[in-house]
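J.: just to be clear, the model below is a prediction. Sequence and coordinates:
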Amino acid sequence: MTALPLSVRVGLFAALAVLAVGTLIIGAREQWREGDIPGPQDARSWWRMARLLLPLEAAVGLVALVSAAALGGGGGATPRTEPVAAATPGSPLLMTGGGPHLVPIAIAPGLPGANRVVVGVEDRDADGVLQPAAGVTGVLLRLACDACGTAPSTVRLPAVVGGPWFAGTVTLAAGSWSISPVVEAASAVAIGSVTASIDAARPDDLLVGVPADLSGPFGSACQNHAAGVELALAAAGAGSSGRRPRVVLDDIAPGGAVAAIDRLAGVGVRLLAAPCGEAGTLGAVAGAATRLRLPLVGGLRSEGPSPYVWRTGIDQAAEGAALAAQVRSLGAASALVVSGPRPEQAAEAGAVEAALGREGVAHEGLAIAPGDGPAQLAARLRASNPAVLVLVATPRRALPLVEASTRAGWRPARGIVASSDLMSVSFAEDAAPYLDGTPLLVASELDPADAAARDYAVALRRLSPLRPPGIEGARGYYTGLVVDRAVAASGPDPSSERLEHALQTDFMGWDLGLFRLDWGATGGGPDRLAFFTPAGGGRFVRDGAPVAVG
């Protein structure tokens, strides 16, 4: 192939570069994805941001492709044999991969000494949602640290019972460790090495403990949640206090929440953040935090009141009332409220029904029991034939019901109103063929168009580009911003008591766009939400003004 003249090549490259920038300015939009993670986390098992800068990626890819052909005279590009693995400096949360696999690694606590190392192997499904990779029979770790005075070693991680994770205890000396996972499966795939910095706490470190279900059924969401906290602290710094907030982890899965909190207190954490796990576990986290008088930031709405628990999720009763008001605004004469089997979902559904009763809207309730089949439930929906269907359930419960109802020949005439459990692009896209134009309105206290949500996506792509974006990460990022502000307001040597005082006094009316906190001496939480509707192309757009729920 004859190479193009230099002037033509330069002009073509410049034109395509302008196209890339123009595409960014015109088309950059947040796209959010979420998979169904059962649990209280699921009370917010929300949406996954698919890609923040998808139009830019496409344009830059076009620039690279055409420029390579023009400048090189043709030929195919050589694929990268190993992925780029990146994380915030000193992070205990790592991500690498190879072939179709992404391999998340969590090191708890991430300090010198005995650490629980948790490894997963995940693939993207047809909708881009991460799922445990099939056919993985084992995981080995090859470990090396040149300056640690220890010989390289290979460790086999046992499979965690009842989940897709592999985990074990490994002693790591202070230093820079090269970690090379070996995935045992029918087809061998080379997995990239990743570097972990295992450093002792410095005098200016303020340790922030994150108790999370790292190796249980919520492991993927919980690791993303913790990574969001870390990204926010790395981006924001330590404000005016001069102290460096540093995340240390503990896995609540093997020994329970109380033991995890006690271990975190033992390494000197002054604040707990972004607890993640099932409802009972989170309640135990809150109880242990109160017992130790450690402020707990990022408590979810299933937790009981405590002077040390600072909630960032919307109260079930408040969201339930907002769902009922949305039903009323649609002009519906009747509604059927379907709730998942979790206690917090039942509580919210009860709040919806109570508010519908006060507003004079005829309504029924339908609680999904663990053994209920979608066809059986769909028959009950069709027999009831409400004008509006209210869903207070996770995508894994709601999607089969929507599909079965459509196959049975029924859709709600006025539409579907959904709790924040269903703020999920993957749910909206999967349900779209069955909705066939039926309106879907979903509640959320976070808006993907807000500046903080965009900052999260930018920080993720810069500091941990292999980690998939998602609502759990965004929620963690917002929690991290709260932690940073509390640290900055607590003076040069923030104690747990000073941090608690800052949380009581510095967050009344504090907002990050739609998300606004009203915390006072007696607690509080977000004071508004909005409803969003799918807009195609993996986007949700706000439908109407924010709703006060404080």
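T.: Yep, it's here. Nothing here was measured: the structure is a model prediction, and the numbers come from that model.

J.: surely R328 touches H363?
T.: No. Here R328 lies out of contact with H363, judged by C-beta atoms under 8 Å, at a distance of 10.9 Å. C-betas here are computed from N, CA, C, even on glycine.

J.: the more surrounded of the two?
T.: Each of R328 and H363 had its neighbours counted (other C-beta atoms under 10 Å), and the higher figure belongs to H363 (23 against 16).

J.: hang on, the earlier thing: which neighbours do R328 and H363 share?
T.: Residues touching both R328 and H363 (C-beta atoms under 8 Å, 6 or more residues apart in numbering): L356.

J.: tell me where this structure has helices.
T.: 6-27, 54-72, 219-236, 257-266, 279-292, 316-329, 343-358, 374-384, 395-407, 425-435, 451-463, 471-488, 496-505 (DSSP state H).

J.: take these and write them to a markdown table, including mean pLDDT and distance to A413.
T.: Supplementary listing: those in a markdown table, determined by pLDDT from 0 to 100; distance: least, C-beta to C-beta, whole Å:
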| stretch | mean pLDDT | distance to A413 |
| --- | --- | --- |
| helix 6-27 | 40 | 35 |
| helix 54-72 | 33 | 35 |
| helix 219-236 | 91 | 35 |
| helix 257-266 | 96 | 45 |
| helix 279-292 | 85 | 34 |
| helix 316-329 | 95 | 13 |
| helix 343-358 | 94 | 17 |
| helix 374-384 | 95 | 12 |
| helix 395-407 | 93 | 13 |
| helix 425-435 | 84 | 13 |
| helix 451-463 | 92 | 34 |
| helix 471-488 | 92 | 30 |
| helix 496-505 | 94 | 46 |
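
J.: quick one: closest of those to A367.
T.: The closest of the helices of the chain to A367 is helix 343-358. By C-beta to C-beta, the value is 6.3 Å.

J.: hmm, back to that, S180: which of the helices of the chain is closest?
T.: Nearest of these to S180, taken as C-beta to C-beta: helix 219-236 at 19.6 Å.

J.: which helices and strands sit right next to that closest one?
T.: Contact here means 3 or more C-beta pairs under 8 Å, 6 or more residues apart in numbering; DSSP states H and E; on that basis helix 219-236 packs against strand 93-98, strand 101-108, strand 205-212, strand 244-251, helix 451-463, helix 471-488.

J.: what angle separates the second one from strand 93-98?
T.: Right, strand 101-108. Going by axes from the mean of the first three to the mean of the last three C-alpha atoms, to 10 degrees, strand 101-108 is angled at 160 degrees with respect to strand 93-98.

J.: could you do the fourth one as well?
T.: Computed by the same axes, to 10 degrees, the angle separating strand 244-251 from strand 93-98 equals 70 degrees.

J.: tell me what strand 244-251 is packed against?
T.: Here strand 244-251 is seen to pack against strand 101-108, strand 205-212, helix 219-236, helix 257-266, helix 471-488 when contacts are counted using 3+ C-beta pairs under 8 Å, 6+ apart.

J.: please repeat the previous calculation with a cut-off of 6 Å.
T.: Of the remaining helices and strands, those touching strand 244-251 by 3 or more C-beta pairs under 6 Å, 6 or more residues apart in numbering; DSSP states H and E are strand 101-108, strand 205-212, helix 219-236, helix 257-266.

J.: need the residues that contact the second one.
T.: It stands for strand 205-212. 222, 226, 243-250, 252, 260-261, 264, 268-276, 285, 483 (C-beta atoms under 6 Å, 6 or more residues apart in numbering).

J.: got the angle for it vs helix 219-236?
T.: Going by the same axes, to 10 degrees, strand 205-212 makes 160 degrees with helix 219-236.

J.: mind giving me the domain ranges of this protein?
T.: What automatic domain parsing lists as the domains of the chain is 6-72, 81-200, 316-444.

J.: looking at those domains, which is buried most?
T.: Highest mean neighbour count of those: domain 316-444, a mean of 20 (counted as mean count of other C-beta atoms under 10 Å).

J.: can you report phi and psi for the residue nearest to L336 when sequence neighbours are not counted?
T.: Ranked by C-beta to C-beta, 6 or more residues apart in numbering and with sequence neighbours excluded, the top spatial neighbour of L336 is P386, at 3.9 Å. The phi/psi pair for P386 (degrees, to the nearest 10) reads phi -70, psi 160.

J.: pretty sure P386 is in contact with V337, am I right?
T.: No. Counting by C-beta atoms under 6 Å, no contact exists between P386 and V337, whose distance comes to 8.9 Å.

J.: one step back: reformat the helices of the chain as JSON lines; add distance to V417.
T.: Rendered in JSON lines, the data for the helices of the chain read as follows (distance: least, C-beta to C-beta, whole Å):
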{"stretch": "helix 6-27", "distance to V417": "30"}
{"stretch": "helix 54-72", "distance to V417": "29"}
{"stretch": "helix 219-236", "distance to V417": "24"}
{"stretch": "helix 257-266", "distance to V417": "34"}
{"stretch": "helix 279-292", "distance to V417": "23"}
{"stretch": "helix 316-329", "distance to V417": "5"}
{"stretch": "helix 343-358", "distance to V417": "9"}
{"stretch": "helix 374-384", "distance to V417": "14"}
{"stretch": "helix 395-407", "distance to V417": "12"}
{"stretch": "helix 425-435", "distance to V417": "13"}
{"stretch": "helix 451-463", "distance to V417": "23"}
{"stretch": "helix 471-488", "distance to V417": "19"}
{"stretch": "helix 496-505", "distance to V417": "33"}
